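>>> Next come a sequence and a model predicted from it.
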Amino acid sequence: MTMAIAAVATTGYAQGRQDSTARRAAMPGGFPGMANQQRAQPAQPRPYNSVITDKAVTRKGLFKTHKVDDKYYFEIADSVLNRDILVVSRVARAGAEMRAADVYAGDQIGSTVVRFEKGPSNRIFLRKISYRTYSPDSTKSMYEAVQRSNIQAIAAAFNIAAYSPDKKGSVIDVTDYINSDNDVFFFSSPQAKQRARLGTILPDRSYIENIRSFPTNVEISTVKTYGLLAAASPFGGAGRTPMPTAGGAAAANGSETVELNTSLLILPKVPMKARFFDPRVGYFTTGFTDFDANPQGIKEIQLIARWRLEVKPEDMAKYKRGELVEPKKQIVYYIDPATPKKWQPYLIAGVNDWQKAFEKAGFKNAIVAKIAPTAKQDSTWSLDDASHSVIVYKPSETENASGPHVSDPRSGEILETHINWYHNVMKLVHDWYMIQTAAVDPRARKMTFDDKLMGDLIRFVSSHEVGHTLGLRHNYGSSSSVPVEKLRDKAFVEANGHTPSIMDYARFNYVAQPEDNIGPKGLYPRIGDYDKWAIEWGYKVLDAKNAEAEVPVLNKMTIESAKNRRLWFGTETNPDDPHSQNEDLGDNAMKASDYGIMNLKRILAKLPEWTKEPNEDYDNLQNMYGQLVTQFNRYMGHVAKNVGGIYENPKTVEQVGPVYTYTPAATQKEAMNFLDRQLFTTPTWLLNEPILNNIGQTDVQVVYRSQDAVLNRLMTPHTLNKLIAFEAADGKQAYTITDFMSDMQNIVFREVKSKQPVDVYRRNLQKLYVDKLIDIVNPPQQPAATIIIGGRGGQGMGTRELEQTDVVSVAKAQLRAIDTMIKSALPSESDSMTSYHLQDLSDRIQKALNPKA
């Protein structure tokens, strides 16, 4: 099936090159930007042997590649012309300057689809191909119209230097193009270069290192030197980008040399059968605008990203009977041999753990991990080769790991992945595990974990990142399917885990209490029920002709799965749904957070002992105390999201019930009571003076920052407008904006109402609250905020629009009520600081309500 494809804007060939005008004009394709000027005339092809001489070093593969002296040639067979080729560019080696800019070996810097095609006058054109908008079926009416209206941009043109001896191929000189700083083979955008602080290429210090050809791909290794851009300003603003000097360097900022790897990977002639995205199952997608799907308009189509997992023809009968079969081609991940040997088995296990999930889709041994060969073992094998999927070990201070993938834009087929495994991810998982489980797991009570424990944590992170490279997005809602008390049930949690999805950000079971005696199986994440269901949904081979025919079958499967809440997907992008949160556990954030705080109190008391190491200062204590406060703040955030919460349950029309429902008033009230108990009533337990005295932090700062963060969420027009929408929809049954303001006033001004002195923590809280109200009445100058009413749409709301809502009216009423309360309390107030504070608040309120006065 042929396709008509719409073009996107692309840049010209060899932009940024600093050679002389004469040299550039003689390059294949001429001088970029000379659209209306005379170009160099195309050279006539020469005899093959006069171009590819007996000095040539030739390699056979996707194209024949030839090196003749300092020239490099592609010999492109006619059978490869007009084929889609995926170009993936990565940093192969980088120096300290690049690492300082958070760019490491293995990082992807570009990805695009190209085609080589024969043009007039003995030329080969290189086109950049976009699949963003097209008519996919040449038999449909819109195909010709789309084809006429869109043309793919020509990124480069090459003179045919010679035709192959059998006249079925063309030889082109690619030396200058590969030596240039083009956006096809190297950095795909100026932003990608700027992130690495790289400026203009320096041609005299750049060269082609190697070009290797394999059956389905060509690998190009280049060494490129760039002038460095100015670093960020120490005062917080971006540094000014310096003007290039005559030699091309960024002025007074030195240079940086990097080794880049570019993979040209031919895409399948016949794309994999696509599968349409369903928002009830969390997959990454690739998409396009289809002009044929809607007879009276257009339709945005999304295809899920997944590997091509197919049944061998001889096994299809077994597969249909429900027997497990091995796929035509395994999904293979290679472990970077530079990875420390003691961690390699755990990374391998993290990959192989997914085999059980693929069994739900009918495949055995579908996925496997292997140690990649070293250069001594196989000089032709490369980590950068886009035909291999690799877990790349990076000697980085970054506390992270990531799982990107490259997919075929026509079908969503995942072609390869390079998982980034940063060395310092071990610090990240150490700190998480210590703060979340040290109250119940003695192994977590030290700064250096035993290898077995650290290996288990590496295995969990490995499984999570591999899940992303199988196409799975984060499932932030999975943990909300587990009742909080079940997280303390030893038999349940050790059998089922504390969340049904390793793709959740559920980390570790912080709800478990010491008396529950829960072992590691009940503390670690694992591949769970949702993950197995998602793999079954995405990878099960269905007896359907095409993606359209699969839709009713998949919809029926998904509706059936909705009966089991453990198979629910909660998106990572919903700002309003309390069920979809990262770092949380259980179906009730208030109960789970109470248990979490009980454990934090136990850990805090022992933190000086557990962080102590001989001959060291208090850096460990400072770091882990900061981690503990961060965990406390996470609990506050989980609870605060319930106020103004809107549950989202995507459905098709065959399913009953609404997609959006408001968080019950009782739950919102429970959240407010929690915040009163655990945050707004000063959490003095956090203010461990011996710890604070050793790390140089004040107790006032700790409390202020935590309370400010929660008020910033509660007191936004976004949250308050939702409360108005609740009242409009549910009337007296709703938790209204006036209920909220009344509760806040009673919580924050408790001492004033009872005519008691106000201590410094509560004075800060009262100032924060009043200032949030004033910001609503007199918004600071800033870009218009996005207000989402009821979770059903969004609109920009600037100051004028905000003034038309009830939010401002209620905020003004609150300020007046607070001012009246203050004036009533002041005459009998005997505490000087309380009196000064209340007078200050009254002045602020008066100024806000009467700015002209």
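Yep, it's here.

>>> Over to stretch 707-727 now: how far is its first residue from its last?
27 Å (CA to CA, to the nearest Å).

>>> What mean pLDDT does it get?
Mean pLDDT, computed over stretch 707-727, is 95.

>>> what's the answer for stretch 258-270, then?
On average, stretch 258-270 scores 93.

>>> And for stretch 302-310?
96.

>>> Which parts of the stretch 401-550 of the chain are strands?
401-402, 406-407, 414-416, 418-422 (DSSP state E, counting those that start in this stretch).

>>> closest to Thr820 out of the ones you listed?
The minimum distance between Thr820 and these falls on strand 401-402, with 54.4 Å, by CB to CB. Placement of C-beta: from N, CA and C, glycine included.

>>> partner strands of that closest one, parallel or antiparallel?
strand 418-422 (antiparallel) (DSSP bridges).

>>> So which residues make contact with the partner strand?
90, 104, 106-108, 333, 336, 339, 347, 383, 389-394, 396-404, 462, 465-466, 469 (CB atoms under 8 Å, 6 or more residues apart in numbering).

>>> Throw together a ChimeraX command that grabs the buried residues out of those.
To isolate the buried ones among these in ChimeraX, judged by 16 or more other CB atoms under 10 Å, type:
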select :90,104,106,107,108,333,336,339,347,383,389,390,391,392,393,394,396,398,399,401,403,462,465,466,469
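
>>> Looking at the strands of the stretch 401-550 of the chain, which one is packed in the most?
strand 418-422 (a mean of 24; mean count of other CB atoms under 10 Å).

>>> Would you mind writing the CA trace of that strand as CSV?
Provided in CSV are the C-alpha atoms of strand 418-422 (Å, rounded to 0.1, in the frame of the first residue of the first chain):
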residue,chain,number,x,y,z
HIS,A,418,19.5,2.7,24.1
ILE,A,419,18.6,2.7,27.8
ASN,A,420,20.7,5.3,29.7
TRP,A,421,22.0,3.9,33.0
TYR,A,422,23.7,6.6,35.0
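
>>> what about that strand, distance to the chain center?
Distance of strand 418-422 from the chain centroid (CA atoms, centre = their mean, to the nearest Å) equals 13 Å.

>>> Ok, stretch 607-614 next?
35 Å.

>>> Stretch 843-852 now?
44 Å.

>>> Quick check: buried residues in stretch 572-579?
Neighbour-count burial for stretch 572-579 flags 572, 574, 576-579 (criterion: 16+ other CB under 10 Å).

>>> Please disregard the earlier target; I meant stretch 541-557.
So stretch 541-557, judged by 16+ other CB under 10 Å, has buried residues 541, 547, 550, 554-555, 557.

>>> Show me the contact partners of stretch 594-612.
Residues from elsewhere that reach stretch 594-612 (CB under 8 Å, 6+ apart): 434-436, 438-440, 445-447, 484, 487-488, 510-511, 513-514, 585, 620-621, 623-625, 628, 631-632, 635, 674, 678, 685-686, 688, 690-691, 694.

>>> swap in stretch 403-412?
Defining contact as CB under 8 Å, 6+ apart, one finds that stretch 403-412 is touched by 3, 84, 86, 88, 108, 111, 113, 131, 267-268, 271-275, 284-286, 288, 303-306, 386, 413-420, 464-469, 471.

>>> Need the distance between the two termini of that stretch.
Span of stretch 403-412 from end to end, CA to CA: 16 Å.

>>> So what's the gap between that stretch and the chain middle?
On CA atoms, centre = their mean, the centre of stretch 403-412 falls 15 Å from the chain's centre.

>>> go on, stretch 87-94?
On CA atoms, centre = their mean, the centre of stretch 87-94 falls 20 Å from the chain's centre.

>>> list the buried ones in it?
Those would be 87-94, for stretch 87-94 by 16+ other CB under 10 Å.

>>> I'd like those laid out as a markdown table, including distance to Ser754.
Below are the buried residues of stretch 87-94 laid out as a markdown table (distance: CB to CB, whole Å):
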| residue | distance to Ser754 |
| --- | --- |
| Val87 | 71 |
| Val88 | 67 |
| Ser89 | 67 |
| Arg90 | 65 |
| Val91 | 63 |
| Ala92 | 69 |
| Arg93 | 68 |
| Ala94 | 63 |
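
>>> Can you say which of the contacts of stretch 594-612 are buried?
Buried among the contacts of stretch 594-612 (16+ other CB under 10 Å): 434-436, 438-440, 445-447, 484, 487-488, 510-511, 585, 620-621, 624-625, 628, 631-632, 635, 674, 678, 686, 688, 691.

>>> one step back: ok, which of the strands of the stretch 401-550 of the chain comes nearest Thr53?
Per CB to CB, nearest to Thr53 of the strands of the stretch 401-550 of the chain: strand 414-416, 35.7 Å.

>>> Least confident of the buried residues of stretch 572-579?
Lowest pLDDT within these is found at Glu572 (89).

>>> which stretches of the stretch 451-600 of the chain form helices?
With DSSP state H, counting those that start in this stretch, the ranges of helices along the stretch 451-600 of the chain come out as 451-469, 490-496, 529-539, 547-561, 589-610.

>>> In a markdown table: those helices, plus distance to Asn217 and mean pLDDT.
Listed next are these as a markdown table, based on distance: least, CB to CB, whole Å; pLDDT from 0 to 100:
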| stretch | distance to Asn217 | mean pLDDT |
| --- | --- | --- |
| helix 451-469 | 19 | 96 |
| helix 490-496 | 43 | 98 |
| helix 529-539 | 25 | 98 |
| helix 547-561 | 27 | 96 |
| helix 589-610 | 49 | 98 |
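
>>> Need the winner for burial among those helices.
helix 529-539 (a mean of 24).

>>> Residue ranges in the stretch 401-550 of the chain under the pLDDT threshold?
For the stretch 401-550 of the chain, no stretch is flagged by pLDDT under 70.

>>> 90 instead, please
401-406, 409, 418, 420-424 (pLDDT under 90).

>>> go on, the stretch 601-750 of the chain?
696-699, 730-732.

>>> what about the stretch 51-200 of the chain, any weak spots by pLDDT?
In the stretch 51-200 of the chain, residues with pLDDT under 90: 90-111, 129-153, 188-199.

>>> picking up where we left off before, JSON lines please, covering the buried residues of stretch 572-579 and showing distance to Gln781.
Output for those, formatted as JSON lines (distance: CB to CB, whole Å):
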{"residue": "Glu572", "distance to Gln781": "32"}
{"residue": "Asn574", "distance to Gln781": "29"}
{"residue": "Asp576", "distance to Gln781": "27"}
{"residue": "Asp577", "distance to Gln781": "31"}
{"residue": "Pro578", "distance to Gln781": "32"}
{"residue": "His579", "distance to Gln781": "36"}
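
>>> And those residues, which is closest to Lys299?
Nearest to Lys299 among those, with distances taken as CB to CB, is Asn574, at 23.5 Å.

>>> pLDDT at the residue nearest to the closest one when sequence neighbours are not counted, what is it?
Residue nearest to Asn574 in three dimensions, not counting chain neighbours: Ser580, with 5.0 Å by CB to CB, 6 or more residues apart in numbering. pLDDT recorded at Ser580 is 96.

>>> Now, the contacts of stretch 594-612 that are in helices?
Counting by DSSP state H, the contacts of stretch 594-612 place 434-436, 620-621, 623-625, 628, 631-632, 635, 674, 690-691, 694 in helices.

>>> quick check, nearest of the residues you listed to Trp533?
So of the ones in helices among the contacts of stretch 594-612, ranked by how close each gets to Trp533 (CB to CB), first place is Gln436, at 26.5 Å.

>>> for the helices of the stretch 451-600 of the chain, which one sits closest to Gln668?
helix 589-610 (10.6 Å).

>>> how far is the closest one from where the chain is centred?
30 Å.
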